[in-house]
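>>> with the input below, show me the fold.
(one chain, ligands or ions: 1)
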Amino acid sequence: MHECMLCQRDMKKSKSQFGNGCINNIFKFLDMKKPARGKNKEQFLYKNIMNKIGISKINKEQKIWLTDRYLTYQYLDQLHY
Ligand SMILES: [Zn+2]
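Model (predicted):
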């Protein structure tokens, strides 16, 4: 079984890490422009985050790891503690 990284929803045979609803919410949450139609949203998101941080050559697992951490930090940043 393959689940969405964010909401754990079962995504059947999808190869992506996030469900469609979740990835759209991530773009909204990060105040990031969505890619043009037909473009791979996840790759676009990874690339955007990598650009923000200033790194270029990392593999797929590292991109997923980085995105996961980045989202966590952004989320914590928005909490007022
Ligand atoms: Zn999800």
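
>>> contacts and neighbour counts: CA atoms only from here.
Will do.

>>> show me what from the protein comes close to the ion.
4, 6-7, 19, 22 (Cα under 5 Å from the ion).

>>> let me have the residues you listed in JSON lines, extended by pLDDT and secondary structure.
Formatted as JSON lines, the residues of the chain next to the ion follow (pLDDT from 0 to 100; DSSP: H, G, I helix; E, B strand; the rest coil):
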{"residue": "4", "pLDDT": "95", "secondary structure": "coil"}
{"residue": "6", "pLDDT": "92", "secondary structure": "coil"}
{"residue": "7", "pLDDT": "94", "secondary structure": "coil"}
{"residue": "19", "pLDDT": "94", "secondary structure": "coil"}
{"residue": "22", "pLDDT": "96", "secondary structure": "helix"}
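
>>> buried ones among those residues?
4, 19, 22 (16 or more other Cα atoms under 10 Å).

>>> measure residue 71 to residue 77 for me?
10 Å (Cα to Cα, to the nearest Å).

>>> give me the number of residues near residue 15?
Neighbour count of residue 15, defined by other Cα atoms under 10 Å: 11.

>>> ok, and the closest non-adjacent residue to whichever residue of the chain sits closest to the ion?
For the chain and the ion, the shortest gap (Cα to the ion) falls at residue 7, measuring 4.0 Å. If the residues on either side of it in the chain are set aside, residue 7 comes closest to residue 22, at 7.5 Å by Cα to Cα, 6 or more residues apart in numbering.
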